[in-house]
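1. Predicted model follows, preceded by the sequence.
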Amino acid sequence: MSGFFRRLAGIPWRDIAGDALSRTFLCVKAFCVVHVIDHHVLSLSHVRGPSMLPAMNLAGDVVAVDKLSVRFGKVEPGDIVLLISPEDPRKLVAKRVHGLEGETVSYFVDPGNSSASKTVVVPQGHVWVQGDNPYASRDSRQFGPVPYGLITGKIFCRVRQLFSLPLHSLI
């Protein structure tokens, strides 16, 4: 037994513990960098549903979302934004910006059934958003102008259509 304890005592425990601690801190730093980039700079998101047809796929697309543009007020009409739903704060929705604060926006009230239109002025601190598919979109036509603070990012790139991914990557 004394040989076992001599070999055990000969192991450089301090070096092993120091190396393990160093690698743990490296992993924590990497996680923090990824977290900051994902929440404040750039992220990927899954967008699906009929409201943005034909720009987005009904089955779902993975999109790249720029979060810095929103912080610096670089959202313009025509941009597709990701925003917290004014109707259900647990959901994120993708819509196209049609008007910024102070702009006048005209829209069809019920595009499928009548040609009646309304014109509104977007209030300060708000944006007017609409889906590209007016027949299947809940947007500013129903819930009015959206506070700018609900916008979480600007979609700048469709990374990949979700249905074209191989099955094993979805599991």
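-> Yep, it's here. Numbers count the residues shown, from 1 in each chain.
2. residue contacts, the closest residue to H126 other than its chain neighbours?
-> Take H126 and drop its neighbours on the chain: the residue closest to it by C-beta to C-beta, 6 or more residues apart in numbering is P145, 3.7 Å away. (Glycine included, C-beta is placed from N, CA and C.) Residues in contact with P145 (C-beta atoms under 8 Å, 6 or more residues apart in numbering) are 120, 122-123, 126-128.
3. mind listing which of those are in helices?
-> If you go by DSSP state H, the contacts of P145 have nothing in helices.
4. I16 - that's part of a strand, no?
-> No: counting by DSSP: H, G, I helix; E, B strand; the rest coil, I16 is not part of a strand but helix.
5. That one: neighbour count?
-> Using other C-beta atoms under 10 Å, I16 has 10 neighbouring residues.
6. what are the pairing partners of the longest strand seen in the chain, and which direction each?
-> Longest strand in the chain, counting residues (DSSP state E): strand 151-161. Take DSSP bridges as the rule and strand 151-161 pairs in its sheet with strand 61-66 (antiparallel), strand 80-84 (antiparallel).
7. Pick out the shakiest of those strands, pLDDT-wise.
-> With a mean of 93, strand 61-66 has the lowest mean pLDDT of the strands paired with strand 151-161.
8. Now do the domain split for the chain, please.
-> As assigned by automatic domain parsing, the chain contains the domains 2-39, 42-163.
9. hang on, the earlier thing: next, format the strands paired with strand 151-161 as JSON lines and append distance to G10 and mean neighbour count.
-> As requested, those are arranged in JSON lines below (distance: least, C-beta to C-beta, whole Å; neighbours: other C-beta atoms under 10 Å):
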{"stretch": "strand 61-66", "distance to G10": "53", "mean neighbour count": "20"}
{"stretch": "strand 80-84", "distance to G10": "58", "mean neighbour count": "21"}
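10. could these go into JSON lines alongside distance to V28?
-> Shown next, in JSON lines, are the strands paired with strand 151-161 (distance: least, C-beta to C-beta, whole Å):
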{"stretch": "strand 61-66", "distance to V28": "25"}
{"stretch": "strand 80-84", "distance to V28": "29"}
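11. Of all these, which one comes closest to S114?
-> Closest of these to S114 is strand 80-84, at 27.2 Å (criterion: C-beta to C-beta).
12. Which positions in the helix or strand just after the closest one come out as buried?
-> Downstream of strand 80-84, the next assigned helix or strand under DSSP states H and E is strand 92-99. Across strand 92-99, burial judged by 16 or more other C-beta atoms under 10 Å covers 92-99.
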